[in-house]
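>>> need coordinates for the following:
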Amino acid sequence: MKIYCTISLILLFSQKIYKADGDCSYDRYLRQCSCSLLDLTNIMTIIPCIQASSFEFNGGTFINPEDLAIPDLNMVLVMDIINDSLKKISFVNVVLSEDFLAAFINKVFQVPIDLLSFENTTIVGRSNGINLRGSPPRILTLQFINASSNPLMQTDSAFDRFGKWMSILRELTVKESQLRSVPCDVSVRFQSLLTLELSDNLLSDGNVSSLFCNGAFPNLQTLKLSINNFSNYDILCQVVNRYNQLRHLDLSLNDFSVTSKSLCEWQPSLSHLNLSDTGLKRVSISLPPNCEVLDLSHNRIEFLNISLPKLIELYLSYNRLSTLSPMGHIPHLRNLAVDGNPITMLQISQIQSFKHLESFKGDNIPYTCSCSLIREMKEMAKSGLIVQRWPEGYTCDSPASFRGKLISDASHSLFECHTQLLTVVICIVILLLCVAVIICLIKIWRSNKTRSQCMEPGNSNSV
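Numbering: from 1, shown residues only. This next block holds a predicted model:
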């Protein structure tokens with residue numbers, strides 16, 4: 001079954017490629033076939049890939065129209081044979097034109113493909129008018145990673161031929177592609193998009209309004225904007241707030257260090273928010289009222305006071321917390337991560353204040369291994385609570401004699417752990433001894449006095 005699809009691809013796109021040495025390689029465990037476009041000169045090269053579920057075509061250039069001279073093939077028979085979908089077709093380290101993309105989609109539009117990916121790809125050239133034909137292709141996920149695609153993403157007219165396909169796409173990823181903006185006329189075409197990832201680009205506060213203009217991405221549920229040039233939390237909140245189905249929002253690795261108190265109110269649908277590594281010193285910004293998962297790791301937060309009644313997971317790794325003091329109103333918290341913070345003392349009562357806590361992560365912390373901390377950490381590890389990375393991730397920083405030692409292996413002597421009690425006992429014993437000595441001395445003094453008084457009448461009679 002898969003062989004017919006692969007044969008079709010080879011026949012479609014290898015007609016003008018000069019012969020080169022080498023065959024396709026097949027990884028039977030991953031069911032992945034890796035080919036070089038320059039190697040595809042005959043059908044025999046794909047024989048090892050008969051069971052492949054994903055294909056990778058590495059290297060090649062398709063710019064001129066003659067490179068796309070595709071014979072007229074009877075694809076109907078091939079489509080009838082293919083019943084299962086392909087997991088992935090990717091083009092890596094290639095130079096393509098828009099006409100190639102249109103021609104490719106025209107030939108495989110009936111093949112169910114989970115993901116069509118372009119990695120380290122340069123899309124160049126002007127359109128020669130090859131439009132999509134028939135019904136929209138059965139490709140629901142499109143991915144560009146490290147792609148140079150100026151004519152594809154920077155102008156609204158470039159997408160005219162793909163309008164019908166764009167309207168049914170469910171997932172779109174454009175990463176590491178120096179994307180600065182997306183025109184509104186392009187954004188509004190993605191009417192069925194559920195997941196949009198635009199991470200590691202050059203988007204900023206000034207051009208975000210055209211990207212998320214009225215009518216764009218009406219069914220959006222997951223949005224990832226990590227590693228861009230955003231700095232105004234309020235602007236992002238106001239622009240994104242029109243999506244009443246949005247559940248996951250990733251704003252990590254942007255800079256919100258100068259963000260003042262936010263007055264924007266998020267949609268009730270938003271349940272997952274990632275604000276890790278955004279330069280936050282305090283959490284004075286507005287948070288989604290129904291947030292269930294909140295990631296605030298790798299910031300500069302010294303204390304936390306939030307009210308999120310539905311919060312289940314809270315990640316505070318690598319901040320500046322010195323204690324697990326009350327963090328506000330988070331009554332249903334189940335997972336808590338505070339690893340990498342300068343917390344020197346940790347009391348089990350602080351952990352037990354979270355009534356529904358199931359998992360705790362507190363490794364890579366410079367613990368002061370007092371008797372109470374060692375005892376309580378060991379008790380916590382034996383309780384029903386899941387202590388992640390115990391015991392290898394929990395070491396002592398002080399006292400000096402314990403530095404680098406696992407808390408699970410550390411132990412103090414009886415005197416070290418009960419110094420005050422033993423001191424009190426010793427003082428009481430000394431006091432009692434002193435009282436006993438004083439009493440004895442008093443008794444001796446009284447006895448001597450009585451004896452001397454008894455001897456005085458005897459002396460007078462003798463005289």
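>>> what's the domain layout of this structure?
As given by automatic domain parsing, the domain ranges for the chain are 1-88+106-150, 301-425.
>>> for those, which has the smallest mean pLDDT value?
Of all the domains of the chain, mean pLDDT reaches its minimum on domain 1-88+106-150 (a mean of 66).
>>> neighbours of D234, how many?
17 (other CB atoms under 10 Å). Glycine gets a C-beta too; all of them are placed from N, C-alpha and C.
>>> kindly report the same for S269.
13.
>>> show me what contacts it?
The contact partners of S269, taken as CB atoms under 8 Å, 6 or more residues apart in numbering, are 243-247, 290.
>>> which among these count as buried?
243, 246-247, 290 (16 or more other CB atoms under 10 Å).
>>> for the contacts of S269, which one is nearest M380?
Minimum distance to M380 across those is 30.3 Å, recorded for N290 (CB to CB).
>>> show the pLDDT at the closest one.
pLDDT, N290: 96.
>>> right, and it touches K310 too?
Yes: between N290 and K310 a contact is recorded at 5.3 Å, counting by CB atoms under 8 Å.
>>> joint contacts of these two?
Contacts common to N290 and K310, judged by CB under 8 Å, 6+ apart, are S271.
>>> quick one: mean pLDDT over stretch 215-231.
95.
>>> could you find the closest non-adjacent residue to F144?
Nearest residue to F144 in three dimensions, chain neighbours excluded: V174, at 4.7 Å (CB to CB, 6 or more residues apart in numbering).
>>> whoops, I mixed them up, S231
D255 (5.1 Å).
>>> correct me, but that neighbour touches L275?
No: D255 lies out of contact with L275 (CB under 8 Å); the separation is 11.4 Å.
>>> ok, the two, which is more surrounded?
L275 (25 against 15).
>>> returning to what we had before: now do the contacts for the residue nearest to S231.
229-231, 278-279 are the contacts of D255 under CB under 8 Å, 6+ apart.
>>> L249 pairs with what?
Listed by DSSP bridges, the beta-bridge partners for L249 are L223, L273.
>>> how close does it sit to F230?
12 Å (CB to CB, to the nearest Å).
>>> which of these two has more neighbours?
Taking neighbours as other CB under 10 Å, L249 and F230 compare with L249 leading, 25 against 20.
>>> in this structure that one contacts L270, no?
Yes: using CB under 8 Å, L249 makes contact with L270 at a distance of 6.0 Å.
>>> phi, psi for V92 please.
phi -120, psi 130 (degrees, to the nearest 10).
>>> neighbours around it, how many?
For V92, using other CB under 10 Å, the count is 18.
>>> again with C33
Neighbour tally, C33, other CB under 10 Å: 24.
>>> T423 now?
Residues near T423, counting by other CB under 10 Å, number 11.
>>> that one: what secondary structure?
helix (DSSP: H, G, I helix; E, B strand; the rest coil).
>>> please list all residues in contact with it.
T423 neighbours (CB under 8 Å, 6+ apart): none.
>>> can you tell me how far it is from L431?
12 Å.
>>> got it, and A103?
100 Å.
>>> who has more neighbours out of those two?
Set side by side, A103 and L431 show more neighbours around A103, with 20 against 10, by other CB under 10 Å.
>>> surely the more buried one forms part of a helix?
Yes: assigned with three-state DSSP, A103 falls within a helix.
>>> any chance of the contacts of D255 in TSV, plus distance to N319 and secondary structure?
Formatted as TSV, the contacts of D255 follow (distance: CB to CB, whole Å; DSSP: H, G, I helix; E, B strand; the rest coil):
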residue	distance to N319	secondary structure
N229	23	strand
F230	21	coil
S231	20	coil
T278	12	coil
G279	12	coil
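>>> of these, closest to P326?
Proximity of the contacts of D255 to P326 (CB to CB) peaks at T278, which lies at 23.8 Å.
>>> okay, now S383: neighbour count?
12.
>>> now swap in G340 and tell me
18.
>>> in contact with it, which residues?
By CB under 8 Å, 6+ apart, the neighbours of G340 are 317-319, 364-365.
>>> switch the cut-off to 7 Å
317-318, 364 (CB atoms under 7 Å, 6 or more residues apart in numbering).
>>> what segments of the stretch 1-150 of the chain are helices?
Assigned by DSSP state H, counting those that start in this stretch, the stretch 1-150 of the chain shows helices spanning 2-13, 75-81, 98-108, 150-153.
>>> same thing with the stretch 151-300 of the chain?
163-166, 184-187, 208-211, 233-240.
>>> would you turn these into CSV with distance to L346?
Shown next, in CSV, are the helices of the stretch 151-300 of the chain (distance: least, CB to CB, whole Å):
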stretch, distance to L346
helix 163-166, 52
helix 184-187, 48
helix 208-211, 41
helix 233-240, 32
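>>> which of these sits closest to A400?
Of all the helices of the stretch 151-300 of the chain, helix 233-240 sits nearest to A400, with 43.8 Å by CB to CB.
>>> before we move on, the earlier item: dump the contacts of S269 into CSV; add distance to L169 as well.
Conversion of the contacts of S269 to CSV gives the following (distance: CB to CB, whole Å):
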residue, distance to L169
Y243, 17
N244, 20
Q245, 16
L246, 17
R247, 19
N290, 28
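>>> for the residues you listed, name the two members farthest from one another.
It's Y243 and N290 that sit farthest apart of the contacts of S269, by CB to CB, at 14.3 Å.
>>> all strands for the stretch 201-350 of the chain, in order.
Using DSSP state E, counting those that start in this stretch, the strands of the stretch 201-350 of the chain run over 222-224, 248-250, 272-274, 293-295, 306-307, 313-315, 328-329, 335-337.
>>> ranking the contacts of D255 by neighbours, who comes first?
T278 leads the contacts of D255 on contacts (other CB under 10 Å) with 24 neighbours.
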